[in-house]
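**Student:** Make a model of this:
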Amino acid sequence: MASDIQIARMALAHVGDRFDISSLTEASTEAEQVNLMFTHVRDQMLRAHPWNFAKKYVSPAALSGTVPGLWTYMYLYPADALRILGLTNPAGRDAPPLQYETGRNAADQYCIFTDQEDVELVFVSRVTDPQEFDTEFTIAFSYALASSVAMSLTGDNGLATKLAQQAQLTLNSALEGDSSEGIEPSFPEASWITARVGTHVKTVFNS
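**Tutor:** Numbers count the residues shown, from 1 in each chain. Take a look at the predicted model:
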């Protein structure tokens, strides 16, 4: 299994043989650029798909007080949630999806509003331990990270574009493999945009 530094070194190797780091905390341009983009790209990759390794079911904390928007109940939005996938319908998996909305209440708390009592929430969680990543996700992440730092390190717009294309190819493979495990409800895919590469390249991944 990979570590953060291994993923960073893989990304830099994709950019070119002359780029490498030994630590994420070292004082180098490569480390600076990787640190700038690492968390941002990782979270975008996680949001792109309901990955099995990142999918999480919880019963969120119910909140008291006036519920806005004519909803009946409000629950605290989980701190580690990157993207809500839905609420479990107690009537069964074949039952219609439960309606909900997210937003801030009068106390400025980020919440989930719904008419369902005692909800079970399913969401894509922010997985920060790379040892929990799927292997193909790790490869796709390394190429996406490479594409996001290539322009700042090399000034080569064409290289950044090629790396973004490779990131999409490896992401597609990872999505196919992940989707083949189990029979799950149909969750909408997220369209995501990588961080801007330098000042020229913006690549859209539609998963």
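
**Student:** Show me the domain layout of the protein.
**Tutor:** Following automatic domain parsing, one finds the domains of the chain at 4-52+127-206, 56-124.

**Student:** now the longest helix that the chain contains, how far from the centre of its chain.
**Tutor:** Longest helix in the chain, counting residues (DSSP state H): helix 157-179. Relative to its chain's centre, helix 157-179 lies at 15 Å (C-alpha atoms, centre = their mean, to the nearest Å).

**Student:** what's the average pLDDT for it?
**Tutor:** Here helix 157-179 scores 92 as its mean pLDDT.

**Student:** just the strands in this structure please.
**Tutor:** Here the chain has its strands, by DSSP state E, at 55-58, 73-76, 81-87, 100-104, 110-114, 121-125, 191-193, 204-206.

**Student:** Put together CSV for the ones you listed, with mean neighbour count, mean pLDDT and distance to Phe38 on each row.
**Tutor:** All C-beta atoms are positioned from the backbone trio N, CA, C, and that covers glycine. Below are the strands of the chain laid out as CSV (neighbours: other C-beta atoms under 10 Å; pLDDT from 0 to 100; distance: least, C-beta to C-beta, whole Å):
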stretch, mean neighbour count, mean pLDDT, distance to Phe38
strand 55-58, 15, 96, 22
strand 73-76, 20, 97, 28
strand 81-87, 18, 96, 15
strand 100-104, 14, 97, 26
strand 110-114, 20, 97, 24
strand 121-125, 21, 97, 18
strand 191-193, 14, 40, 16
strand 204-206, 13, 39, 17
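
**Student:** and the domains of the chain, which is most packed in?
**Tutor:** Among the domains of the chain, the stretch with the highest mean neighbour count (mean count of other C-beta atoms under 10 Å) is domain 4-52+127-206, at a mean of 18.

**Student:** hang on, Glu136 packs against Ser173?
**Tutor:** Yes. The pair Glu136 and Ser173 qualifies as a contact (C-beta atoms under 8 Å) at a distance of 5.7 Å.

**Student:** Distance to Ile7 for the strands of the chain - can I get that in JSON lines?
**Tutor:** Below are the strands of the chain laid out as JSON lines (distance: least, C-beta to C-beta, whole Å):
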{"stretch": "strand 55-58", "distance to Ile7": "21"}
{"stretch": "strand 73-76", "distance to Ile7": "31"}
{"stretch": "strand 81-87", "distance to Ile7": "18"}
{"stretch": "strand 100-104", "distance to Ile7": "30"}
{"stretch": "strand 110-114", "distance to Ile7": "29"}
{"stretch": "strand 121-125", "distance to Ile7": "18"}
{"stretch": "strand 191-193", "distance to Ile7": "18"}
{"stretch": "strand 204-206", "distance to Ile7": "18"}
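
**Student:** Ok, which of the ones you listed comes nearest Asp20?
**Tutor:** Across the strands of the chain, Asp20 has its closest neighbour in strand 204-206 (26.3 Å, C-beta to C-beta).

**Student:** Now do the residue nearest in space to the middle of the chain against Phe133, distance only.
**Tutor:** When C-alpha atoms, centre = their mean is applied to the chain, the residue found nearest the centroid is Leu46 (2.2 Å). Look at Leu46 and Phe133: by C-beta to C-beta, to the nearest Å, they are 9 Å apart.
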